[in-house]
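In: need a structure here:
(chains A and B)
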Protein chains: 2
Amino acid sequence: MAQILPSALLDVIEAFGRLPGVGARTAERYAYFLLRTQTRTTHELSSAIEKLQTGVKVCPRTFALINPDESLSPLYTSADRDKQTIAIVEEPLDIVALERTGKFKGTYHVLGGVISPIDGVGPEQLHIPELLGRLKEDEVSEVIIATNASVEGESTALFIQRQISDAGIETQISRLARGIPVGVDLEYADQITLAHALEGRRKL
Amino acid sequence: MAQILPSALLDVIEAFGRLPGVGARTAERYAYFLLRTQTRTTHELSSAIEKLQTGVKVCPRTFALINPDESLSPLYTSADRDKQTIAIVEEPLDIVALERTGKFKGTYHVLGGVISPIDGVGPEQLHIPELLGRLKEDEVSEVIIATNASVEGESTALFIQRQISDAGIETQISRLARGIPVGVDLEYADQITLAHALEGRRKL
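Out: As a prediction, this is how the structure comes out:
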């Protein structure tokens, strides 16, 4: 059979197709867009991707992603961040979500995942010992466990809570509130969320 | 404000965000996937994108996309393609869709768009004169106008039909059938499609 598309285009379509959630049609659309757009835009994308993995380091204290010339995350070293409050998150991008609220002035601790026996992830693969170390060294007074509301996120939260208590560390532990999202009508809320919202009701 | 993510990661997120239909969250997800995946996958993507624009040429006869070492599209030169039948399509990727059916053995002619006064595209920007030339030179007996069923696609089809007749070229002209897509229930078909399906009904 004759080749329908040029190899250079097929290569890009195939490479885009490996991105999460990108099917054949979407990959074709991306590739065709790049083919027709300015050379500079295309070059900026390829060059940014090429520099990605060498241009990102992991903060040895918070496990957030940092620039190669930084030794610690600026979200930790900055003077206006409260080191005695730690938000524990699963992945580095969760930090972005919390920072966007503008409501958190503490520091972060990235677990690097959640406990998930099915995926072969045990507690020893997460940055929990480093967390316990930080709790002591920085005299942390509050820990907000901000793992996702999934089964794995909940059991990881429970595990961390026990580890802190087993280590004899005294600190306030909280979990993000579960409830009805802003803008969602009561009738559309799922029953588990609604049960959480009832349980966590607040006095006015 | 302290920088939340490393610059190398932000660059990739920004560059992905220029792709059609990619919002901030999707761009973040792509970038984070590349950061965590094998270096080889990331390198293959950047290198494929880098080579894209120099690795693709346009066939001067059919305006399909071809490899730089080809002078004409293999879908035109191949001996098992019927040069007397031409399918006229808007964009090069439309060829892929038609080839996937495995039901078309003619050749293609890519218009490079459709007539759209709103977007400033007039007939002079489309490859219509080259089409008329081909109709004569290859003694084309059938032209299938496979532009989209949009207003622009329909008026471009009409324009081409008139141009062919004005040029005094005798050839059979057809348009892709409009009707109810396979797998769609009658009750869900929109009224325009249903009207087309009625009008184009076939005797059994």
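
In: domains for chain A, by residue range?
Out: Split into domains by automatic domain parsing, chain A comes to A:7-55, A:57-175.

In: Out of these, flag the one nearest chain B.
Out: Nearest to chain B among the domains of chain A is domain A:7-55; the distance by C-beta to the nearest C-beta comes to 2.5 Å. Backbone N, C-alpha and C define where each C-beta goes, glycine included.

In: need the helices for chain A, in chain order.
Out: For chain A, the helices defined by DSSP state H occupy A:7-16, A:24-36, A:39-52, A:74-77, A:92-101, A:128-137, A:151-166, A:191-199.

In: Save the domains of chain A as a markdown table, and put in mean pLDDT, mean neighbour count and distance to B:Arg81 too.
Out: Putting those into a markdown table (pLDDT from 0 to 100; neighbours: other C-beta atoms under 10 Å in any protein chain shown; distance: least, C-beta to C-beta, whole Å) gives the following:
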| stretch | mean pLDDT | mean neighbour count | distance to B:Arg81 |
| --- | --- | --- | --- |
| domain A:7-55 | 94 | 18 | 20 |
| domain A:57-175 | 94 | 17 | 49 |
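
In: so which of those domains comes closest to B:Ile160?
Out: domain A:7-55 (22.5 Å; C-beta to C-beta).

In: For B:Leu198, find the nearest of the domains of chain A.
Out: Taking C-beta to C-beta, domain A:7-55 is the member of these nearest to B:Leu198, at 29.9 Å.

In: Is the closest one in proximity to chain B?
Out: Yes - on the criterion C-beta under 8 Å from any C-beta of the partner chain, domain A:7-55 is in touch with chain B at A:7-9, A:11-12, A:14-16, A:18-22, A:26, A:28-35, A:37, A:39, A:41-55.

In: Next up, the contacts around A:Phe159.
Out: A:Ile115, A:Pro123, A:Ile128 (C-beta atoms under 8 Å, 6 or more residues apart in numbering or on different chains).

In: Now with 6 Å, please.
Out: Contacts for A:Phe159 (C-beta atoms under 6 Å, 6 or more residues apart in numbering or on different chains) come out as A:Pro123.

In: I'd like to know how far it sits from B:Phe33.
Out: As for A:Phe159, its distance to B:Phe33 is 26 Å (criterion: C-beta to C-beta, to the nearest Å).

In: can you check A:Ala31 too?
Out: Where B:Phe33 is concerned, A:Ala31 sits at a distance of 18 Å (C-beta to C-beta).

In: longest strand anywhere in chain A?
Out: Scanning chain A for the strand with the most residues, using DSSP state E, yields strand A:82-89.

In: sorry, back to before: nearest approach to B:His196 belongs to which of the helices of chain A?
Out: With distances scored as C-beta to C-beta, the stretch of these nearest to B:His196 is helix A:24-36 (24.0 Å).

In: Run the angle between that closest one and helix B:39-52 for me.
Out: Between helix A:24-36 and helix B:39-52, the angle comes out at 50 degrees (axes from the mean of the first three to the mean of the last three C-alpha atoms, to 10 degrees).

In: quick one: helix A:24-36 to chain centroid distance?
Out: 28 Å (C-alpha atoms, centre = their mean, to the nearest Å).

In: How about residues contacting it?
Out: For helix A:24-36, contacts defined as C-beta under 6 Å, 6+ apart pick out A:Leu9, A:Val12, A:Ile13, A:Phe16, A:Gly17, A:Thr42, B:Leu19, B:Pro20, B:Leu52, B:Val56, B:Leu93.

In: if I look at A:Glu130, how far off is A:Val110?
Out: Distance from A:Glu130 to A:Val110, by C-beta to C-beta: 10 Å.

In: scratch that, A:Glu142 is what I was asking about
Out: 18 Å.

In: quick one, phi/psi of the closest residue to A:Thr41 other than its chain neighbours?
Out: Closest residue to A:Thr41 apart from its sequence neighbours, by C-beta to C-beta, 6 or more residues apart in numbering or on different chains: B:Arg18 at 6.0 Å. The phi/psi pair for B:Arg18 (degrees, to the nearest 10) reads phi -80, psi -10.

In: can you tell me how far A:Ser47 sits from B:Leu10?
Out: Counting by C-beta to C-beta, the gap from A:Ser47 to B:Leu10 is 14 Å.

In: Repeat that for A:Pro20.
Out: Distance of A:Pro20 to B:Leu10, given as C-beta to C-beta: 19 Å.

In: cool, and A:Pro129?
Out: In terms of C-beta to C-beta, A:Pro129 sits 30 Å off from B:Leu10.

In: for A:Arg18, same thing?
Out: From A:Arg18 to B:Leu10 the distance is 22 Å (C-beta to C-beta).

In: of all the contacts of helix A:24-36, which comes closest to B:Ala167?
Out: So of these, ranked by how close each gets to B:Ala167 (C-beta to C-beta), first place is B:Leu93, at 28.4 Å.

In: Identify the residue spatially nearest to A:Lys136, adjacent ones excluded.
Out: That would be A:Ile169: by C-beta to C-beta, 6+ apart, it lies 6.5 Å from A:Lys136.

In: just to revisit the earlier point, quick one: contacts of the longest strand of chain A?
Out: Under C-beta under 6 Å, 6+ apart, the answer for strand A:82-89 is A:105-110, A:138, A:140-146.

In: same question, stretch A:107-116
Out: Counting by C-beta under 6 Å, 6+ apart, residues outside stretch A:107-116 touching it are A:62-64, A:75-76, A:81, A:83, A:86-90, A:92, A:95, A:121, A:123, A:126-127, A:131, A:147, A:152-153, A:155-156.

In: Having no further points to raise, I will conclude here.
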